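>>> got a sequence here, can you build the structure:
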Amino acid sequence: MKLTVVGTGYVGLVTGACLADTGNHVVGFDVDARKVARLSEGQCPIFEPGLQELIAANLGAGRLRFTTDPAEAIRHGRVLFLAIGTPPLPDGRPDLSYLERAADQIAELADGPKIVVIKSTVPVGTGARIEERIASRCPHSIHLVSNPEFLKEGTAVDDFMRPDRVVIGAEDPEAAAVVRELHLPFVRNQAPIIVCRRAAAELTKYAANAALAMRISFINAIANLCDRFGIDVNEVRAGLMSDERIGRHFLYPGPGYGGSCFPKDVQALAHTFREAGLDATLIEAVHEINVRQQRVLFEKIQSRLGPRLRGSRIAIWGIAFKPKTDDIREAPSLTLIDLLLTAGAEVHAHDPEALENLRALYGDRIHYHQDAYEALDRADALVLVTEWNEFRSPDFEEMKRRLLRPLIFDGRNIYTSEAMRRYGFECYYIGRPPVNADRASGTS
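Numbers count the residues shown, from 1 in each chain. The predicted structure is shown next:
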């Protein structure tokens with residue numbers, strides 16, 4: 001089938017490459033000529049495991065190409081996927097102006113009937129308004145479908161190829177059937193394809209992200225309570241996770257959630273509640289807890305170092321908002337860096353993939369290290385923010401040799417208390433009793 005994907009961000013690139021890989025002929029459209037040129041040469045502008053190889057393979061097979069020409073893109077596809085950003089406005093509402101601009105181009109340039117599929121995360125009722133916007137200006141039959149994505153950065157290709165569910169929201173049965181057919185190659189593991197009303201699909205995306213964010217904020221609130229009473233949150237988690245109604249997913253305490261989805265989608269859902277005249281207290285609390293949580297690591301550092309924080313050298317391992325991505329949008333590490341710089345500390349950062357994005361944001365205000373151990377040289381402390389696999393079993397002896405003092409702030413609770421005692425580290429966790437904190441007065 002001939003398909004067009006409008007937008008070449010995370011969602012658009014994964015969608016286009018995966019659909020091309022099942023035999024469809026896909027055109028990816030973007031207004032960024034530099035990005036399109038890179039993509040046309042097989043260079044993926046983002047780090048996502050497996051994506052560059054998938055793009056290159058389908059470019060080589062002639063099933064995938066990219067263009068900056070909207071007429072070429074819109075006229076190519078029988079089905080047009082809109083994977084366009086909906087960034088938050090100051091009041092929490094998503095900015096739909098980019099989506100509306102794409103709708104106007106479709107209305108102007110469509111040369112026949114089209115099925116328009118919104119992959120973007122949008123408020124309830126957006127599909128109906130966009131369909132009407134196109135139909136009022138276009139002489140051809142247009143059917144709009146909501147097909148929200150449930151991709152996790154770092155595993156996005158696998159999530160698309162092997163989804164745990166596909167949600168299709170449509171008012172027209174034939175349009176729904178076409179979108180369902182496109183997804184059949186990916187659900188041979190019997191994952192459900194859920195066909196529902198368009199508004200239900202739109203709300204499902206927000207509800208899913210808010211529910212996951214709520215679990216993170218919940219366990220972080222419990223971890224902070226554990227800190228206050230000297231309880232190990234892992235013991236509490238063990239009791240929680242053994243209840244099959246609760247399970248273990250997204251119950252790992254840390255410095256808060258980030259990324260391009262949870263922060264904006266939680267705020268957008270809260271706005272939807274308020275707009276509907278309903279109490280948004282629960283959803284607002286999820287966001288407020290997360291905002292506070294992003295300060296927790298700094299507060300632990302400040303409490304431990306006191307006035308010595310000014311002029312100290314702090315090493316940070318992990319900048320991306322999660323492992324296996326170079327995305328730093330809303331990353332907890334950025335809040336930490338800002339607070340450290342304001343406090344007068346010198347920041348030395350390492351991340352396997354995100355340093356260039358970090359450099360674009362901070363320039364020469366901080367120091368960047370491609371080598372993790374180099375970042376530790378004469379640092380007063382190490383702060384672990386993102387749990388990349390390579391940080392899980394490091395050379396503790398080498399770390400201790402390079403650090404000015406053996407002090408770690410483990411924001412992901414990945415280092416055992418036993419290991420910290422064995423190697424002689426003073427270590428502070430999220431929701432777990434610190435190790436060797438009684439030695440703090442002697443490390444000055």
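>>> strands along the stretch 301-444 of the chain, start to end?
313-317, 346-350, 367-368, 381-384, 407-410, 426-428 (DSSP state E, counting those that start in this stretch).
>>> ok, which of these comes nearest Thr204?
Proximity to Thr204 (Cβ to Cβ) singles out strand 381-384 among the strands of the stretch 301-444 of the chain, at 34.6 Å. (Each C-beta comes from the backbone N, C-alpha and C, glycine too.)
>>> and the closest one, what does it pack against?
helix 296-305, strand 313-317, strand 407-410 (3 or more Cβ pairs under 8 Å, 6 or more residues apart in numbering; DSSP states H and E).
>>> partners of that strand, with directions?
In the sheet, strand 381-384 lines up against strand 313-317 (parallel), strand 407-410 (parallel) (DSSP bridges).
>>> ok, residues contacting stretch 378-386?
If you take Cβ atoms under 8 Å, 6 or more residues apart in numbering as the criterion, stretch 378-386 is touched by 255, 297, 301, 304-305, 308, 312-323, 331-333, 336, 348, 351, 376, 391, 399, 402-405, 407-412, 414-415.
>>> repeat the analysis, applying 6 Å as the threshold.
Contact partners of stretch 378-386, identified using Cβ atoms under 6 Å, 6 or more residues apart in numbering, comprise 312-318, 320, 333, 403-404, 407-412.
>>> so which of the strands of the stretch 301-444 of the chain is nearest Thr67?
Closest among the strands of the stretch 301-444 of the chain, using Cβ to Cβ: strand 367-368, at 35.2 Å.
>>> so what strands line up beside the closest one?
strand 346-350 (parallel).
>>> for the strand it pairs with, the averaged confidence score.
If you average the pLDDT over strand 346-350, you get 98.
>>> next one: phi and psi at the closest residue to Cys261 other than its chain neighbours?
Distances taken as Cβ to Cβ, 6 or more residues apart in numbering put Asn209 closest to Cys261, at 5.6 Å, once the chain neighbours are dropped. Note on Asn209: its backbone torsions stand at phi -70, psi -40 [degrees, to the nearest 10].
>>> the nearest residue to Arg432 once chain neighbours are set aside: neighbour count?
Nearest non-adjacent residue to Arg432, counting by Cβ to Cβ, 6+ apart: Asp232, 5.0 Å away. By the criterion of other Cβ atoms under 10 Å, Asp232 has 16 neighbours.
>>> please apply the same query to Arg308.
Neighbours of Arg308 using other Cβ under 10 Å come to 11.
>>> Leu80: what secondary structure?
When classified by DSSP: H, G, I helix; E, B strand; the rest coil, Leu80 comes out as strand.
>>> what pairs with it across the strands?
Leu80 has these beta-bridge partners by DSSP bridges: Thr4, Val116.
>>> and it, how far is that from Gln52?
According to Cβ to Cβ, to the nearest Å, Leu80 and Gln52 sit 25 Å apart.
>>> let's have the helices and strands packed on strand 381-384 in TSV, adding distance to Arg274 and mean neighbour count.
Shown next, in TSV, are these (distance: least, Cβ to Cβ, whole Å; neighbours: other Cβ atoms under 10 Å):
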stretch	distance to Arg274	mean neighbour count
helix 296-305	28	20
strand 313-317	37	26
strand 407-410	37	25
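>>> any chance of these in TSV with distance to Val385 and mean pLDDT as columns?
Formatted as TSV, the helices and strands packed on strand 381-384 follow (distance: least, Cβ to Cβ, whole Å; pLDDT from 0 to 100):
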stretch	distance to Val385	mean pLDDT
helix 296-305	7	98
strand 313-317	6	98
strand 407-410	9	98
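>>> kindly reformat the ones you listed as TSV containing distance to Ala102.
Putting the helices and strands packed on strand 381-384 into TSV (distance: least, Cβ to Cβ, whole Å) gives the following:
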stretch	distance to Ala102
helix 296-305	40
strand 313-317	38
strand 407-410	44
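>>> closest to Gly7 out of the ones you listed?
strand 313-317 (31.8 Å).
>>> quick one: secondary structure of the residue nearest to Glu330 when sequence neighbours are not counted?
Leaving aside its chain neighbours, Glu330 sits nearest to Gly258 (3.9 Å; criterion: Cβ to Cβ, 6+ apart). Classification of Gly258 using three-state DSSP returns coil.
>>> poorly predicted segments of the stretch 301-444 of the chain, please.
439-444 (pLDDT under 70).
>>> Gln370: how many residues sit nearby?
10.
>>> should've said Ile55
For Ile55, the neighbour count with other Cβ under 10 Å is 25.
>>> tell me the contacts of it?
Ile55 makes contact with 17, 44, according to Cβ under 6 Å, 6+ apart.
>>> now swap in the one 4 residues further on and tell me
When contacts are counted by Cβ under 6 Å, 6+ apart, Leu59 is found next to Gly42.
>>> wait, a helix at it?
Yes: per three-state DSSP, Leu59 lies within a helix segment.
>>> measure it to Leu151 for me?
Counting by Cβ to Cβ - Leu59 and Leu151 are separated by 21 Å.
>>> just the element for the residue nearest to Ala170 when sequence neighbours are not counted, please.
Distances taken as Cβ to Cβ, 6+ apart place Ala176 nearest to Ala170, at 3.7 Å, with adjacent residues excluded. Assigned by DSSP states H and E, Ala176 falls within helix 173-183.
>>> quick one: buried residues of that helix?
Of all the residues in helix 173-183, those buried under the rule 16 or more other Cβ atoms under 10 Å are 175-176, 178-180, 182-183.
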